[in-house]
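In: okay, predicted coordinates and the sequence, questions at the end:
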Amino acid sequence: MSVLERFARTNHSVRSRREKFQQKARPAPIQITEDGPSRSLFGRPRDIIVNQLLTPTIRHFSFDGGNLPFSRKSPSPRAQSTESLHSDDSEELGWDKTTLLTLSDSVRASLQHDRSLGPDSEKLSRFLETVLKDEERRHPTLDFETIEHARLDKLLNEILLFVETMKTTTFATDLPLRFRVDAAHCKKLQVIWRHRFREQYIMIDQLRCAVLVKGGRLKDVSFNCALTYDLGKWQTRETNPVSEVEGNQQFEAGHWWLNIVCAQRDGIVACPSEQPTSGQYGITALPLLTGQEEIVQKNGMDLVKYIRKGRSSDMHIALISQVGQKIRILRGHKLKSIYAPRAGVRYDGLYTIRQYGTKLDMVTNTHRLELTLERVKDQKPMEVLNRVPKPSQLDDWKLYEKLEGDKIKLMEGDARYLEWNLQREEERIDREDWRRDREFRASFS
């Protein structure tokens, strides 16, 4: 036998032993039986297959609000689990959009003003625990529309941002255990929602902008770059009849609008300028959008002195005959006042005009209006109204400002947009400096 033949025989025997060893080590195929569970793909629960293999159905997004961005078809009512629809947790919490929006606004406002979760902290904890349990079901009850309306994505973001801010300070150890547990739940829930809604969750603010224009706070209001007055370039063709003071039930103190044009649309003022509104029974409303206010003490009463400088046509001469009468007062965010809203225009209730006066500066030929107002009793206190706009309303304000800036850039060019943006920033800094100065003076009084 040659050397080559012996080498070939040895190689063949080694290969045979290796194949026998592999056949012994190979596991037997799993059989699907009626007695035991199956390990095959088709034997697994249907929801696991769907979650792992299927992706959301993507639709076209349009700013007219017609189609939702990247929306996924909801399962039919028959396919939904009765456990998720009729559970005790869902009935206890109630997936009501208005209730959840109130909870979200309350917690976010407390984080901003009080650096805590506020009086609704226990309700927030129950909500987070219930939603996490709900997300473990095949068809979670909480839908995307509720998350969008109640600003639940903003709520999670601000809680997590607050915790991260506290970690960088010496007060990180002061966070209660309950707060840290809630923050962990927020982090987990944020990951779950991003995975469940995907692009739809990422583009949630674009959806809000579409809703804002089509049927929200900017309904029946349009942008017109040809307008030249200083209070904005918005207009409306749909206006409700002017509401009289005697019919005050239509508007409650704290009602808020994005701009004075939206207030005109709803009928509380008659024009989009800073002029008194006349009704059937006299002057009904006065918007205080510019100028400044001072708080004065007289005969034990807190009075408000409104001061405005300008031309003779800006002096609201019609108010001379209204001394002693009640009038609605609206305040805008450009007003230098401790009562001015942070954004937009707010209705602050009924005031009585106590004094009217004007002066003329002969050197500058400038008129000065001084209007003394007394707030009618038995209304919401100003401490409550000063928390309006709420966090969700400020969300709409940011979208409104971005929308206005985009329209200016599109219709008037980049140079005009930069000028508008710079002017807006200078006005904001000027108001903040004025407010800090008044608060500093008040601390020594």
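Out: Good, I have the coordinates. Numbers count the residues shown, from 1 in each chain.
In: and the strand or helix carrying Ile353, how far from the chain's centre?
Out: Using DSSP states H and E, Ile353 maps to strand 345-361. From the chain centre to the centre of strand 345-361 is a distance of 32 Å (C-alpha atoms, centre = their mean, to the nearest Å).
In: right, and Gly357 touches Ile320 too?
Out: No: with contact defined as C-beta atoms under 8 Å, Gly357 and Ile320 do not form a contacting pair (9.5 Å). The C-beta positions use only the backbone N, C-alpha and C, and glycine is treated the same way.
In: what helices or strands is the longest helix seen in the chain leaning on?
Out: When the chain is parsed with DSSP state H, its longest helix is helix 414-442. In terms of contacts (3 or more C-beta pairs under 8 Å, 6 or more residues apart in numbering; DSSP states H and E), helix 414-442 is packed against helix 391-412.
In: what are the buried residues along the helix it packs on?
Out: 391-397, 399-400, 403-404, 407-409 (16 or more other C-beta atoms under 10 Å).
In: where does the stretch 51-200 of the chain dip in pLDDT?
Out: Across the stretch 51-200 of the chain, the ranges flagged by pLDDT under 70 are 51-95, 170-173.
In: apply 50 and report the result again.
Out: The stretch 51-200 of the chain contains residues with pLDDT under 50 at 51-87, 89-92.
In: likewise for the stretch 301-445 of the chain?
Out: Residue ranges of the stretch 301-445 of the chain with pLDDT under 50: none are present.
In: what's stretch 217-234 in contact with?
Out: The contact list for stretch 217-234, computed with C-beta atoms under 8 Å, 6 or more residues apart in numbering, reads 212-213, 235-238, 257-262, 265, 272-274, 289, 396, 400, 403-404, 407-408, 411-412.
In: what's the end-to-end length of it?
Out: Start-to-end span of stretch 217-234 (C-alpha to C-alpha, to the nearest Å) is 13 Å.
In: quick check, pLDDT for Cys262.
Out: What the model reports as pLDDT for Cys262 is 95.
In: tell me how far the one helix or strand it maps to lies from the chain's centre.
Out: Taking DSSP H and E as the criterion, Cys262 maps to helix 260-266. Helix 260-266 sits 20 Å away from the centroid of its parent chain (C-alpha atoms, centre = their mean).
In: what residue spans form the domains of this protein?
Out: 46-74+87-212, 222-395 (automatic domain parsing).
In: indicate which one of those domains is closest to Arg438.
Out: Taking C-beta to C-beta, domain 222-395 is the member of these nearest to Arg438, at 5.9 Å.
In: measure that closest one end to end?
Out: Start-to-end span of domain 222-395 (C-alpha to C-alpha) is 20 Å.
In: in the helix holding Cys262, what's buried?
Out: For helix 260-266, burial by neighbour count (16+ other C-beta under 10 Å) applies to 260-266.
In: how about Glu401, nearest residue that isn't a chain neighbour?
Out: Arg424 (7.9 Å; C-beta to C-beta, 6 or more residues apart in numbering).
In: that should have said Thr366, apologies.
Out: Per C-beta to C-beta, 6+ apart, closest to Thr366 is Lys309, 5.5 Å.
In: read off the pLDDT value for Pro276.
Out: 94.
In: kindly report the same for the one 10 residues further on.
Out: Per-residue confidence (pLDDT) for Leu286: 96.
In: which residues sit in contact with the nearest residue to Arg368 once chain neighbours are set aside?
Out: Distances taken as C-beta to C-beta, 6+ apart put Lys359 closest to Arg368, at 4.5 Å, once the chain neighbours are dropped. For Lys359, the contact set (C-beta under 8 Å, 6+ apart) comprises 367-368, 370.
In: can you pick the most crowded of these?
Out: Counting neighbours by other C-beta atoms under 10 Å, His367 leads those with 17 neighbours.
In: thought that residue was touching Gly310?
Out: Yes: at 6.1 Å, His367 counts as touching Gly310 under the criterion of C-beta under 8 Å.
In: strands of the stretch 251-400 of the chain, start to end?
Out: Using DSSP state E, counting those that start in this stretch, the strands of the stretch 251-400 of the chain run over 256-257, 277-279, 282-288, 292-298, 301-310, 326-332, 345-361, 366-375.
In: of these, which is nearest Val384?
Out: Nearest of those to Val384, taken as C-beta to C-beta: strand 345-361 at 10.7 Å.
In: describe which strands the closest one pairs with in its sheet and in which direction.
Out: Strand pairing for strand 345-361, determined by DSSP bridges: strand 256-257 (antiparallel), strand 326-332 (antiparallel), strand 366-375 (antiparallel).
In: for Gln112, which three-state class applies?
Out: helix (DSSP: H, G, I helix; E, B strand; the rest coil).
In: buried ones in stretch 288-301?
Out: Applying 16+ other C-beta under 10 Å to stretch 288-301 flags 288-293 as buried.
In: before we move on, what about stretch 118-131?
Out: In terms of neighbour count (16+ other C-beta under 10 Å), stretch 118-131 has its buried residues at 118, 120-121, 123-125, 127-128, 130-131.
In: what residues does Ile283 make contact with?
Out: So Ile283 contacts 276-277, 318-319, 322, 325, 327 (C-beta under 8 Å, 6+ apart).
In: just the buried residues of these.
Out: 276-277, 319, 322, 327.
In: kindly reformat the residues you listed as JSON lines containing distance to His113.
Out: JSON lines is the format used below for the buried ones among the contacts of Ile283 (distance: C-beta to C-beta, whole Å):
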{"residue": "Pro276", "distance to His113": "34"}
{"residue": "Thr277", "distance to His113": "33"}
{"residue": "Leu319", "distance to His113": "35"}
{"residue": "Gln322", "distance to His113": "36"}
{"residue": "Ile327", "distance to His113": "30"}
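In: of the residues you listed, closest to Asp143?
Out: Closest to Asp143 out of the buried ones among the contacts of Ile283 is Thr277 (41.9 Å), distances taken as C-beta to C-beta.
In: relative to Tyr417, how far out is that closest one?
Out: The spacing between Thr277 and Tyr417, counted by C-beta to C-beta, to the nearest Å, is 33 Å.
In: same question, Asp134
Out: 44 Å.
In: likewise Arg217?
Out: 23 Å.
In: circling back to that earlier point, what's the most distant pair in the contacts of Ile283?
Out: Among these, Thr277 and Gln325 lie farthest apart (C-beta to C-beta), at 13.3 Å.
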